[in-house]
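**Q** model this:
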Amino acid sequence: MQVLSRRDLLRAGAIGGVVSSLGSSAFLNSVFANLPSDRKIRMAVVGGGFGLCYYWHLHPNAVVTAVTDLREDRQKLLREYYRCDAVFPSLETMLETAPDTFDAVGIFTPAPDHVRHAVACLKKGKHVISAVPAAMTIAECEMLRDAVEKSGKHYMMAETSYYRPSCIAAREFEREGKFGNIILTEAEYHHPRSPNAPKRDNRLDVWRWGLPPMLYPTHCTAFLVGVTGERLTQVSCVGYDNGDPALKGNPYDNPFMSETAFFKTNRGNAMRVAVLWAGALSFCERAQWIGEKMSFYDYLPGIYQYKERRVTIDKESDPTGFTYGNSVTADWTKEEYEQRLPQTLAEGFGKYHDGAEVFLTHEFISALVEDRPPAVNVHEALAMTAPGIIAHQSALQGGAQLAVPQFDR
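**A** As a prediction, the model looks like this:
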């Protein structure tokens, strides 16, 4: 395989698709376009954990007018970070006593509370952006969809993988027809953890104790749903049960520390998803897209950094006469991406999840100002969430092939 530098490829025009998707100021300006409005969206932020990863206070069309957390130490962090003195002891108190002071709510509470909290806010006529996953059960998926539709308000799931630089690039490649048909997408979320640490340590969220890996699938499923728009329709999943006694008695009655699923899409394509809590792992949220004309490989921590790779028009033959397309590889760094961010949000780039929170901040506020569905609206969110719920059911049934319910209307 021939390996070229990024400068060589840019000079030769060999990766024009990558240049247009990652290095083009026109592309980035379209993502961070100045809104033709001076309207300010009044945001309330719930949760001083993940809730501190966003940039509502830096967006020119947003202002934080209320914050809340059950813990006093996190209330203080929220007050300081968002420079907001309207601090409430709970979401319920905030909704009851000050509903007229905010337009939208960012819900960054424990995953089992997401639907309950989102529905409560929607019923109060508030727009909602929620941390992942959107729901924990199929019944909750239905409840959330119905609540969004009944409210007439906008809902967005804050899925970081959707706005990872690699996923943005893959989305552009897909729209430009670079891949041809993507016949296989593979995604991995590796997050090694002690199975009972949240139970032992009150500094961590207890809801994570025993959490089935496939109930946290969206960091992987977004790499397909958010690129091609396909729906995952069938699944067979295998769970890894290492017999760790630390899992005994967990609230999910879950025996698995890792789960690997193989999905079929509505276009007849395939997706492999591996959500692994245990093993010799590196932390990663990554994907690779195998297309008919082009393939694109995300980075793998500790082994190689971001790579741009595609088959060229050049052909090579092996000694048997088999002909195949040559490929080229180039490095890419986030610094080039950061230089093209708007100044007010630039400080957030690369801080978490490869800078995805900056995009999520901007997309949610833009959608509300423009009164349009956000990119990861309730239908996209459930298309990313529900497959994992069914995958876990499959693992509990020894890998049975199960149908994934659809929530599009």
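**Q** rest of the way, CA atoms for contacts and neighbours
**A** Fine.
**Q** how much space is there between Ala395 and Ala367?
**A** The gap separating Ala395 from Ala367 is 37 Å, by C-alpha to C-alpha, to the nearest Å.
**Q** Comparing these two, which shows the higher neighbour count?
**A** Ala395 (23 against 16; other C-alpha atoms under 10 Å).
**Q** Quick one: residues contacting the more buried one.
**A** Ser236, Cys237, Val238, Gly239, Glu259 (C-alpha atoms under 8 Å, 6 or more residues apart in numbering).
**Q** which one is the fourth one nearest to, not counting chain neighbours?
**A** It refers to Gly239. Spatially, and ignoring its direct neighbours in sequence, Gly239 is nearest to Glu259 (4.3 Å; C-alpha to C-alpha, 6 or more residues apart in numbering).
**Q** Next, that neighbour: secondary structure please.
**A** strand (DSSP: H, G, I helix; E, B strand; the rest coil).
**Q** for the one 3 residues further on, same thing?
**A** The three-state label given to Phe262 by three-state DSSP is strand.
**Q** what's the burial count for it?
**A** Neighbours of Phe262 (other C-alpha under 10 Å): 19.
**Q** Nearest spatial neighbour of it, chain-adjacent residues omitted?
**A** Arg272 (4.6 Å).
**Q** At the geometric centre of this protein, which residue sits there?
**A** Centroid-nearest residue in the chain, with C-alpha atoms, centre = their mean: Glu159, separated by 2.6 Å.
**Q** just to revisit the earlier point, do you know how far the residue nearest to Gly239 is from Tyr299?
**A** From Glu259 over to Tyr299 (counting by C-alpha to C-alpha), the distance is 21 Å.
**Q** Between the two, which has more neighbouring residues?
**A** Neighbour comparison, Glu259 and Tyr299: the larger count goes to Glu259, with 24 against 20 (by other C-alpha under 10 Å).
**Q** what's near enough to touch the more buried one?
**A** Counted by C-alpha under 8 Å, 6+ apart, Glu259 has contacts Pro213, Met214, Cys237, Val238, Gly239, Tyr240, Ala274, Val275, Leu276, His392, Ala395.
**Q** pLDDT (mean, whole number) over the helix of greatest length in the chain?
**A** Longest helix in the chain by number of residues, with DSSP state H as the criterion: helix 378-396. Average pLDDT, helix 378-396: 98.
**Q** quick one: contacts of the following helix or strand past that helix?
**A** Downstream of helix 378-396, the first helix or strand assigned by DSSP states H and E is strand 402-403. Contact with strand 402-403 is made by Thr233, Gln234, Val235, Ser236, Ile390, Ala391, Ser394, as judged by C-alpha under 8 Å, 6+ apart.
**Q** Narrow those residues to just the buried residues.
**A** Thr233, Gln234, Val235, Ser236, Ile390, Ala391, Ser394 (16 or more other C-alpha atoms under 10 Å).
**Q** so what's the third one closest to, chain neighbours aside?
**A** So that's Val235. Val235's closest residue in space is Phe263 (C-alpha to C-alpha, 6+ apart), at 4.4 Å.
**Q** Which members of the buried ones among the contacts of strand 402-403 are the farthest-apart pair?
**A** Using C-alpha to C-alpha, those span at most 13.1 Å, a distance reached by Thr233 and Ser394.
**Q** Residues in a beta bridge with the residue nearest to Gly239, which ones?
**A** The partner list for Glu259 in beta bridges (DSSP bridges) reads Gly239, Val275.
**Q** what's the spacing between it and Gly399?
**A** Glu259 is 10 Å from Gly399, where distance means C-alpha to C-alpha.
**Q** hey, what's in contact with both of those two?
**A** Cys237, Val238.
**Q** so Phe102 makes contact with Met43?
**A** Yes: the criterion here is C-alpha atoms under 8 Å, and Phe102 meets it with Met43 at 5.6 Å.
**Q** Which of the two has more residues huddled nearby?
**A** The neighbour comparison of Phe102 against Met43 (other C-alpha under 10 Å) goes to Met43, with 24 against 20.
**Q** For the more buried one, which non-adjacent residue is closest in space?
**A** Among residues not flanking Met43 along the chain, Val64 sits closest, at 4.6 Å (C-alpha to C-alpha, 6+ apart).
**Q** Kindly confirm my reading that that neighbour is in a strand.
**A** Yes: per three-state DSSP, Val64 lies within a strand segment.
**Q** can you give me the strands for the stretch 151-300 of the chain?
**A** 155-157, 182-190, 232-240, 258-265, 270-276, 284-291, 295-297 (DSSP state E, counting those that start in this stretch).
**Q** mind checking the SS state of the nearest residue to the residue nearest to the centre of the chain once chain neighbours are set aside?
**A** Counting by C-alpha to C-alpha, 6+ apart, the nearest residue to Glu159 once its immediate chain neighbours are dropped is Val132, at 6.2 Å. When classified by three-state DSSP, Val132 comes out as coil.
**Q** From Val275, how far off is Val132?
**A** Val132 is 14 Å from Val275, by C-alpha to C-alpha.
**Q** For these two, indicate the residue with more neighbours.
**A** More neighbours surround Val275 than the other of Val132 and Val275, with 28 against 25 (other C-alpha under 10 Å).
**Q** if I look at that one, how far off is Thr218?
**A** Counting by C-alpha to C-alpha - Val275 and Thr218 are separated by 10 Å.
**Q** again, but for Glu230
**A** According to C-alpha to C-alpha, Glu230 stands 14 Å off from Thr218.
**Q** who's more crowded, these two?
**A** A direct count of neighbours by other C-alpha under 10 Å for Glu230 and Thr218 places Thr218 higher, at 31 against 17.
**Q** Next one, pLDDT for the more buried one please.
**A** 98.
**Q** Let me know whether it touches Thr385 as I believe.
**A** Yes: Thr218 lies in contact with Thr385 (C-alpha under 8 Å); the separation is 5.8 Å.
**Q** what residues do these two have in common as contacts?
**A** By C-alpha under 8 Å, 6+ apart, the residues touching both Thr218 and Thr385 are Pro133.
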